[in-house]
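> model the structure of this input:
(chains A and B)
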Amino acid sequence: MSSEEKTLTLNLKIWRQTNSEDKGQMVDYTLEGVSTDSSFLEMLDQLNEKLIGENHDPIAFDHDCREGICGMCSLMINGQAHGPEAQTTTCQLHMRKFNDGDTIVIEPWRARAFPVVKDLMVDRGSFDEIIKAGGFVNVNTGNAPDANEILIPKNDADLAMDAASCIGCGACVASCKNASAMLFVSAKISQMALLPQGELEAEQRALSMVEKMDELGFGNCTNEAECEASCPKGIEITNIARMNREFLKSAISSKL
Amino acid sequence: MTKKLDSKVPEGPVQEKWDNHRFKMKLVNPSNKRKFKVIVVGTGLAGAAASATLSELGYNVDAFCIQDSPRRAHSIAAQGGINAAKNYPNDGDSVWRLFYDTVKGGDYRAREANVYRLAQVSNNIIDQCAAQGVPFAREYGGTLSNRSFGGAQVSRTFYARGQTGQQLLLGAYSAMMKEASKGKINIHTRREMVDLVVVEGRTRGIVTRNIVTGEFEKWAADAVLLCTGGYGNVYFLSTNAMGSNGSAAWKAYKKGAMFGNPCFTQIHPTCIPVHGENQSKLTLMSESLRNDGRVWVPKNKGDKRKPNDIPEEERDYYLERIYPSFGNLVPRDVASRRAKESVDEGKGVGKTGVAVYLDFSDAIERDGEQAIRDRYGNLFEMYNRITDEDPYKVPMRIFPAVHYTMGGLWVDYNLQTTVPGTFALGEANFSDHGANRLGASALMQGLADGYFVIPYTLGNYLASEGLMTDKVTDDHPEFDKCMNESKDRFNRLLNIKGTRSVDSFHRELGHIMWERVGMSRNEERLKKAIAEITELRAEFWRDVKVTGTDVGLNIELEKANRVADFLELGELMARDALERKESCGGHFREESQTEENEALRNDEDYSHVAAWEYLGDEATPQRNIEELQFENVPLTQRSYK
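Next up, the predicted model:
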């Protein structure tokens, strides 16, 4: 039972940066009375209330749904993207995973393609740019046949759903020493390649999206699998293999 | 004087209205579409679908969202599914039945013609989403799967695991990005609409604030679509996202768009209870849990024993007791109200005493733990992650939470508000769900409005009004006036330099709303709410503390602006609830109930939409009326005994 609620005193080391131009620095805070039933973000809310009380600028961090689905929250917590729990977004991480007196280091995602906006917030607009390069099926509203005219084997639909469950949070990039976006890109390419709807444009899609990813300054994949380990949605690196096959196929057969 | 509202519902039998209307509406010549600019505020299902479709048609679209990407809008959090009248399972569904169920489910406070159209286009939505590559659940033969949902007697809900909202939104987002890649949609992220620009009674654009830089910007357009979602966060704690707010709709209200049925809110019975005072939001669990879970509280007040130590005869399975035929499956509002009553009587459970038990032990004994795991594994896991309790061993604790707002900007059949050129789509409008929304219908409505309704009705507006030549640019003085007023408002917030944080005001407002304008309402408490909110609002403008400056990103300033609007909207909700002296759907007035304590509608006096009109900050808003006609679905009183 969670009636064993306790309160913690924490030493927090948090990245503060006024804006994208600022150099930024780590700042130490002590926070008392953190309930073990609070979520990690509620702990930060509590710190912010305290900072406001002391007339300090509260810490900016991204968050929205707080249900682990919007992909807005981020945070490197003690060097791990989304913190210590497997397959858990920061907003779903709870303070009962920490101990009284712990020191917690909190930093933003670090990647050339994700510039810091303020404090712990980064700009992930580069992910939108990658999707814009081909992460869609070219079908206008009104052009669709009856949904059951496109039969899809259950297994393919399930695999496509696995890939499609990516929330675009960027943990894969943040945890990769090369800041590669391969897992994110491959999840979208896989979803589309597994479904007949996406097949017609598969060649062009793989080429364009990979090209855009390189152009935006994301690094290459060196098979460390850190992305898979940090992914809050359990997206597997087999997607990267599938993407490489698609890319190779299109590079060989390219009619472009 | 009370105004009569023209709903512009077309003539003819309900089945033919939309077809006739589509034929009669004016069209914009393809080469002329590129001469129009349309602003879309919000990029959830309604906004993303509208942006993509209007761009495909040739219009220039400027889309705005407060998040860092259009893909993060709160539609993404919908779990259950989306309804459509496909009748793939061959179980007797039809457009007529979906229409009928939705009108009845809305407790006869929705507009029949709109609901019929919604049911009609529901099938096109599924086709469109499948074509985009939305990975809907499939059968082994490759066809789409359906499941039953929300008490419907047919299986008409399409789903993508427990992430249907996410997958539908990503589909609409991808359609939007397809158009953005062609340069036809300009996407402006981290932008907040702070005013609607109306010139001589016609919508001409918006003013936004760039959330990152703090700069104000002017945007001229021929029409503005508000796809900004609901206002459930007026309660502070709700299942809405932290950023969900009512400000864009509220600005439109102040510029003349009437607000329809603001008191109609939906409270969802199976949410994870509040853990303590630092709670920031609530998490919903699918209602399907009530299929196997039994709801109970201890018979004795203040019984602090652990649930498994309370013997059977000292438990009150109150839903089964009061409603022997429906039991734990009574509708959302009934289950919610009864839970709060138990808690108010002092029988609440858990550390805070603000919860009731949802017990699976009988189901586990009957069907085995594996069967329960197969059905609800993901929900049990979510519950365990948040509460650290194991629902296979200890009963879950649940409590109702605000989930959806059926009320919203009043729109006519064309989805146009009472300000010409301003349209409202999805949860932001009031139109389709009456006093209660059925499960899996929110996604349907957002996409229906965006993909299949607005593309036609907007064309009609643009073609009818001579807007080809009658243009207003952002040089017009009204733009500067609106921008300066917005700047002044933000500066005023910064300069109060009071003692209380923005969140402390929001929490207090939420408390007033929940206790007095929540799931059970009466005249005395509603009047009290109006007085308390008025007082709190005055205190806010006297004593709120907003740290930081107007330059750069300022999260407190952003929140303060939204809470200031909630402090006004909350009062309007209370006023609307006070004036509607009947019970219907999610609106329960204690003065209007049957002998069995059930909601009692008053069709004689209240079979209408209340559309509130702003008359100035100091004046009481005016309650206008749109009479509702029920020509196809006979009015009946529901009973769940």
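> pLDDT score assigned to the residue of chain A at minimum distance from chain B?
Nearest residue of chain A to chain B: A:Leu151, at 3.3 Å (Cβ to the nearest Cβ). Bear in mind the C-beta positions are built from the backbone N, C-alpha and C, glycine included. Here the pLDDT value assigned to A:Leu151 is 96.
> was I right to think it contacts B:Gly142?
Yes: judged on Cβ atoms under 8 Å, A:Leu151 makes contact with B:Gly142 at a distance of 3.3 Å.
> quick one, helices of chain A?
Assigned by DSSP state H, the helices in chain A fall at A:40-53, A:125-132, A:154-164, A:171-175, A:182-194, A:196-199, A:202-215, A:226-230, A:238-253.
> from the chain's centroid, how far away is the longest one?
Counting by Cα atoms, centre = their mean, to the nearest Å, helix A:238-253 is centred 23 Å from the centre of its parent chain.
> per-residue confidence averaged over that helix?
90.
> packing partners for the strand or helix carrying B:Cys129?
According to DSSP states H and E, B:Cys129 maps onto helix B:112-132. Identification of packing neighbours for helix B:112-132 by 3 or more Cβ pairs under 8 Å, 6 or more residues apart in numbering or on different chains; DSSP states H and E yields helix A:196-199, helix B:14-24, strand B:82-83, helix B:95-105, helix B:164-181, helix B:442-447.
> how about the strands in the stretch 201-350 of chain B?
Using DSSP state E, counting those that start in this stretch, the strands of the stretch 201-350 of chain B run over residues B:202-210, B:216-220, B:223-226, B:259-260, B:265-271, B:294-298, B:315-316.
> looking at these, which is closest to B:Asp565?
B:Asp565 lies closest to strand B:259-260 among those, at 12.0 Å (Cβ to Cβ).
> residues making contact with that closest one?
B:249, B:253, B:407-411, B:429-431, B:572, B:609-612, B:626 (Cβ atoms under 8 Å, 6 or more residues apart in numbering or on different chains).
> who's in contact with residue 125?
Picked chain A for this. Contact analysis of A:Gly125 by Cβ under 8 Å, 6+ apart lists B:68-69, B:189.
> chain B, not that one
B:82, B:84, B:444, B:447-448, B:451-452.
> in the stretch 51-200 of chain B, which residue sits nearest chain A?
Relative to chain A, the nearest point of the stretch 51-200 of chain B is B:Gly142 (3.3 Å; Cβ to the nearest Cβ).
> contacting residues around that residue?
A:151-154.
> three-state assignment of B:Asp85?
Not Asp; residue B:85 is Ala. Applying DSSP: H, G, I helix; E, B strand; the rest coil to B:Ala85 yields a three-state assignment of coil.
> please name the nearest non-neighbouring residue to it.
What sits nearest to B:Ala85 in space, not counting adjacent residues and going by Cβ to Cβ, 6 or more residues apart in numbering or on different chains, is B:Leu98, at 4.2 Å.
> burial measure for the one you found, as a count.
28 (other Cβ atoms under 10 Å in any protein chain shown).
> how about A:Glu54?
Using other Cβ under 10 Å, A:Glu54 is surrounded by 7 other residues.
> same deal with the one 10 residues further on?
A total of 25 residues lie near A:Asp64 under the criterion other Cβ under 10 Å.
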